[in-house]
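> Okay, predicted coordinates and the sequence, questions at the end:
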Amino acid sequence: MTHSIRLAAAMIAAACVYGSAALAQQAGTGCTSSQPTGGPQTLRCGGVTIIAENGARFTLLDRDHNGRVDGVDLQSKAVFIEASKQKAGKTFEVMTPQAIAAVRGTRWAVDAEGSKTSVFVETGRVGVRHVTGRGSVTLSPGEGVDVDASATPLEIKRWPAPRVAALMARLGR
């Protein structure tokens, strides 16, 4: 990996952890950022839009070191992802302490709060699995799953409108 790519990756990570939109834009990743006062931050990175709840702690990832964002390491609060169709063999992933949610092209939200991660799919399909590999499910539109550290099997549920509305409101949607 060249020095400039390593530097760009470090700047991406710093920008997202500390919320500096200007730093993300300077990193040369093709990401642009906007954030209304007190509202969610929107990052546009190529074919992916990431809307992060105000105060969310996350890091953008470039796992294949090609200078493009292909994942989010979410530590707290929520993000909404809109990913265009990915190339064959490529996935966009959101990783939390409890779960990994991966997709080829869709719109979905991930909420990492305390010892639980919740994933909800607005459109498309999303695969969700325990980080320990103890189980996985595939969600369709309107479905969600809660993932914790226990060995409890993952259970797909159709989320009620109030729960969806509450999460989307936190994301300015």
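Right, received. Where do you want to start? Quick caveat: nothing in here was measured; it's all calculated off a predicted structure.
> For this structure, just list every one of the strands.
Assigned by DSSP state E, the strands in the chain fall at 31-34, 41-45, 48-52, 57-61, 71-83, 92-95, 99-103, 106-113, 116-123, 126-130, 136-139, 143-148, 157-158.
> got JSON lines for those, with distance to Met168, mean neighbour count and mean pLDDT too?
Bear in mind the C-beta positions are built from the backbone N, C-alpha and C, glycine included. Output for these, formatted as JSON lines (distance: least, CB to CB, whole Å; neighbours: other CB atoms under 10 Å; pLDDT from 0 to 100):
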{"stretch": "strand 31-34", "distance to Met168": "18", "mean neighbour count": "16", "mean pLDDT": "90"}
{"stretch": "strand 41-45", "distance to Met168": "14", "mean neighbour count": "21", "mean pLDDT": "94"}
{"stretch": "strand 48-52", "distance to Met168": "10", "mean neighbour count": "22", "mean pLDDT": "95"}
{"stretch": "strand 57-61", "distance to Met168": "18", "mean neighbour count": "21", "mean pLDDT": "94"}
{"stretch": "strand 71-83", "distance to Met168": "8", "mean neighbour count": "21", "mean pLDDT": "95"}
{"stretch": "strand 92-95", "distance to Met168": "16", "mean neighbour count": "24", "mean pLDDT": "94"}
{"stretch": "strand 99-103", "distance to Met168": "17", "mean neighbour count": "22", "mean pLDDT": "92"}
{"stretch": "strand 106-113", "distance to Met168": "7", "mean neighbour count": "22", "mean pLDDT": "94"}
{"stretch": "strand 116-123", "distance to Met168": "8", "mean neighbour count": "21", "mean pLDDT": "96"}
{"stretch": "strand 126-130", "distance to Met168": "16", "mean neighbour count": "23", "mean pLDDT": "93"}
{"stretch": "strand 136-139", "distance to Met168": "16", "mean neighbour count": "17", "mean pLDDT": "94"}
{"stretch": "strand 143-148", "distance to Met168": "12", "mean neighbour count": "21", "mean pLDDT": "95"}
{"stretch": "strand 157-158", "distance to Met168": "16", "mean neighbour count": "12", "mean pLDDT": "98"}
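> Relative to Thr37, how far out is Val110?
24 Å (CB to CB, to the nearest Å).
> Hmm, I typed the wrong one, I wanted Thr138.
For Thr138 relative to Thr37 (CB to CB), the value is 38 Å.
> And Gly135, by the same measure?
41 Å.
> More neighbours: those two, which one.
Ranked by neighbour count (other CB atoms under 10 Å), Gly135 and Thr37 place Gly135 first, with 15 against 5.
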